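**Q** With the sequence up front, the predicted model follows.
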Amino acid sequence: CRERGNALYITQPSSYSALRGDATLANGVVAKLQLNSLILPEYFGVVGDGITDDTVNFKSGVIRVFLDGGGTITASHGKTYLLDSFSINPKVNIKGPYVYCDPINGTQLNDASAIRLKEGATLTFLEASSLTGFVILKEGMTFPQEAAQVAAWTDTALFVGPQAHGVYFSNLNIVGFNTAIDTDASSNTAQIRCSDINFDCTNGIKLSNILDIASIINCHGWPAGSWGATDFTPIRSGTAYQMEVAGAWNKLDKSFSYGYLRGAVINNCSSVKITGCGFDNTQSNVGSVGLLIEGTSDRTVVTDTQTASNSDGMVVNVTAGKLVTFSDCSQWSNLDTSVKILSGNAIISSNASKNSSVGISVALGGSIVNVVGGSFLDSHATCGIDNTVSGDFIFVSPETAYINTPTKIIGGSIESTYRFNIGEGLKTVGVAIISALIDFDIPVSGRYEPVSIGNIVGTFKLVDTTTNTDFATGLIPALSTTTTEKNLVLRFAVTGATA
């Protein structure tokens, strides 16, 4: 027989025990719901009016689908489900009729078809389960939210349970929680995927202890929940994207955040790749960092990613000897530094820094930083490259351009291959100041010759890197020796002299 929204039922013998969703006919015979067709929440007694607590019936439906080997529960358009905490069993997918909400019109959230979670409630997802196509909000929350209401956001909307491999979230809009998505950090989990998720929560997406290719793709953190409030502020005090605790081979791709104290944090992870992302801010968010890579993180690769209007654009603070690679990235209008190396090694290639006080700074002895090409445009307050502690080595390629940057390099130990061109002066902070035109040109003969040297304070040496032989030591005017271009390195190490 057929009933309840054209669902298919088949009568069963008297020995059959009815399950949630089955139908009992007038003659007492039980008809079993067949789950090989469209499965609606209403089959299990769910109301979906946003007022009735649907937790028990929705959970019963999830369990029923799980016991039948898994499947998809498809929510109807225009329904809002009021739910308390429960777990979505393995291989159960919940699919909603996702409706786009304008990110600069928070009032649209009030009328959206949604899952409304009760105070203190969290939905927990187990292995190979998924949620797609829902707006997820707190019970009774209305929009736009004023600043005091934003500061009081609580709870985690979605949680990935222990060893819940293969959980998938997509096409969600999560607003008004302390954390949008979190994972269990106590156990190893693999292949968690978050795709096309809009969120406005104190913290966005946090993936912990994901040892095999977790991915965050096409996600967007934006202050939609308070847009239009009388005291609107875009600032969020947490982190938009976080990968931590032994994560490996994780991907953060084509995702964006605005207004978060930390746009993205990579902590104690290996081989994370960040591609095509943007972490922007408002300059009033003091102490903000667009991208922070820290702890034992190693072999992190950041490509085609921008930070704007943070206090610091990109910060590396990893264990000594660990490596971060930046390629084709940009930082602009950051109040302090575009790229700050606090500890660890870095390769920075084809980087564009604009309107920051400092382009690149290196703050701890022992770091090795290779700057290959790129440009420093209007690094106005201090300099393009700042190396404040002797013992570091910064390798600067000849293609690096300094435009409207009054002082190109400040620092203790700098190594520049093939060309060292500092038009308005090279100086150190608190150690020595060098004010001179240094211009090593490469003539047609292919040999390296100093062509214009002014008055210098400090110690320099010209090194043949093949034999590690010093061609000359002392002040620059003594360096008239020439050699083959490919073997020539100018090393600068200022000691003692002061301005």
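**A** That came through fine. Residues are numbered from 1 along each chain as shown.

**Q** can you give me phi and psi for Val318?
**A** phi -100, psi 170 (degrees, to the nearest 10).

**Q** What pLDDT is listed against it?
**A** What the model reports as pLDDT for Val318 is 95.

**Q** and it, bridged to which residues?
**A** Gly295 (DSSP bridges).

**Q** gap between it and Arg299?
**A** When distance is defined by C-beta to C-beta, to the nearest Å, Val318 is 10 Å away from Arg299. (Glycine included, C-beta is placed from N, CA and C.)

**Q** neighbour count winner among those two?
**A** A count of neighbours by other C-beta atoms under 10 Å puts Val318 above the other of Val318 and Arg299, at 25 against 15.

**Q** can you pull the contacts of the more buried one?
**A** 293-298, 300, 324, 343-344 (C-beta atoms under 8 Å, 6 or more residues apart in numbering).

**Q** what residue ranges in this protein score low on pLDDT?
**A** Scanning the chain for pLDDT under 70 picks out the ranges 1-6, 36, 364-366, 373, 376-499.

**Q** In terms of position in space, what residue lies nearest the middle of it?
**A** Centroid-nearest residue in the chain, with C-alpha atoms, centre = their mean: Ala264, separated by 3.2 Å.

**Q** Please, which helix or strand holds it?
**A** Secondary structure assigned from DSSP states H and E places Ala264 in strand 260-267.

**Q** And the next helix or strand after that strand, what does it pack against?
**A** For strand 260-267, the following helix or strand on the C-terminal side (DSSP H and E) is strand 273-275. For strand 273-275, the packing partners by 3 or more C-beta pairs under 8 Å, 6 or more residues apart in numbering; DSSP states H and E come out as strand 251-253, strand 300-303.

**Q** Could you rerun that using 10 Å?
**A** The contact analysis (3 or more C-beta pairs under 10 Å, 6 or more residues apart in numbering; DSSP states H and E) places strand 273-275 against strand 215-217, strand 251-253, strand 300-303, strand 323-327.

**Q** Quick check: neighbours of it in the sheet, parallel or antiparallel?
**A** In the sheet, strand 273-275 lines up against strand 251-253 (parallel), strand 300-303 (parallel) (DSSP bridges).

**Q** Adding mean neighbour count and distance to Tyr241, write those strands out as a markdown table.
**A** Shown next, in a markdown table, are the strands paired with strand 273-275 (neighbours: other C-beta atoms under 10 Å; distance: least, C-beta to C-beta, whole Å):
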| stretch | mean neighbour count | distance to Tyr241 |
| --- | --- | --- |
| strand 251-253 | 21 | 6 |
| strand 300-303 | 21 | 13 |
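
**Q** Any chance of TSV for those, columns distance to Glu119?
**A** What follows is those, written out as TSV (distance: least, C-beta to C-beta, whole Å):
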stretch	distance to Glu119
strand 251-253	31
strand 300-303	38
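
**Q** From the contacts of Val318, list just the buried residues.
**A** Neighbour counting by 16 or more other C-beta atoms under 10 Å classes 293-295, 297-298, 300, 324, 343-344 among those as buried.

**Q** Now do the shared contacts for Val318 and Arg299.
**A** Val324 (C-beta atoms under 10 Å, 6 or more residues apart in numbering).

**Q** Mind checking the strands paired with strand 273-275 for the one nearest to Asn370?
**A** Closest to Asn370 of these, according to C-beta to C-beta: strand 300-303, at 14.2 Å.

**Q** picking that back up, and the strand holding Ala264 with strand 323-327, angle?
**A** Orientation check (axes from the mean of the first three to the mean of the last three C-alpha atoms, to 10 degrees): strand 260-267 against strand 323-327 gives 130 degrees.

**Q** Listing partners with orientation, what would you give for strand 260-267?
**A** strand 236-244 (parallel), strand 289-295 (parallel).

**Q** if we can go back for a sec, which pair of the contacts of Val318 spans the longest distance?
**A** Thr300 and Ser343 (13.5 Å).

**Q** Quick check: neighbours shared by those two?
**A** 316, 318, 322.

**Q** OK, contacts around Thr230?
**A** 144, 146-147.

**Q** buried ones in the strand or helix carrying Leu137?
**A** Under the criterion of DSSP H and E, Leu137 resides in strand 130-138. Neighbour counts over strand 130-138 (16+ other C-beta under 10 Å) mark 130-138 as buried.

**Q** now, among those, which is nearest to Asp111?
**A** Nearest member of the buried residues of strand 130-138 to Asp111, counting by C-beta to C-beta, is Val135, at 9.9 Å.

**Q** can you pull up the bridge partners for the closest one?
**A** Ala114, Asn173.

**Q** hang on, it packs against Arg116?
**A** Yes: counting by C-beta atoms under 10 Å, Val135 touches Arg116, with 9.2 Å between them.

**Q** Now do the shared contacts for the two.
**A** Residues touching both Val135 and Arg116 (C-beta under 10 Å, 6+ apart): Thr80.

**Q** biggest helix in this protein, by residue count?
**A** Counting by DSSP state H, the longest helix found in the chain is helix 55-67.

**Q** Could you identify the helix or strand that succeeds that one?
**A** Next along from helix 55-67, by DSSP H and E: strand 71-74.

**Q** Would you mind pulling the contact partners of that next one?
**A** So strand 71-74 is contacted by 35-41, 43-44, 46, 58, 61-62, 64-65, 88, 91-97, 130, 132-133 (C-beta under 10 Å, 6+ apart).

**Q** Of these, keep whichever come out buried.
**A** Of those, these count as buried by 16+ other C-beta under 10 Å: 35, 39-41, 43-44, 46, 58, 61-62, 64-65, 88, 91-96, 130, 132-133.

**Q** and the helix or strand where Gly50 lies, what does it pack onto?
**A** Per DSSP H and E, Gly50 falls inside strand 49-53. Applying 3+ C-beta pairs under 10 Å, 6+ apart, one finds that strand 49-53 contacts strand 80-83, strand 114-117.
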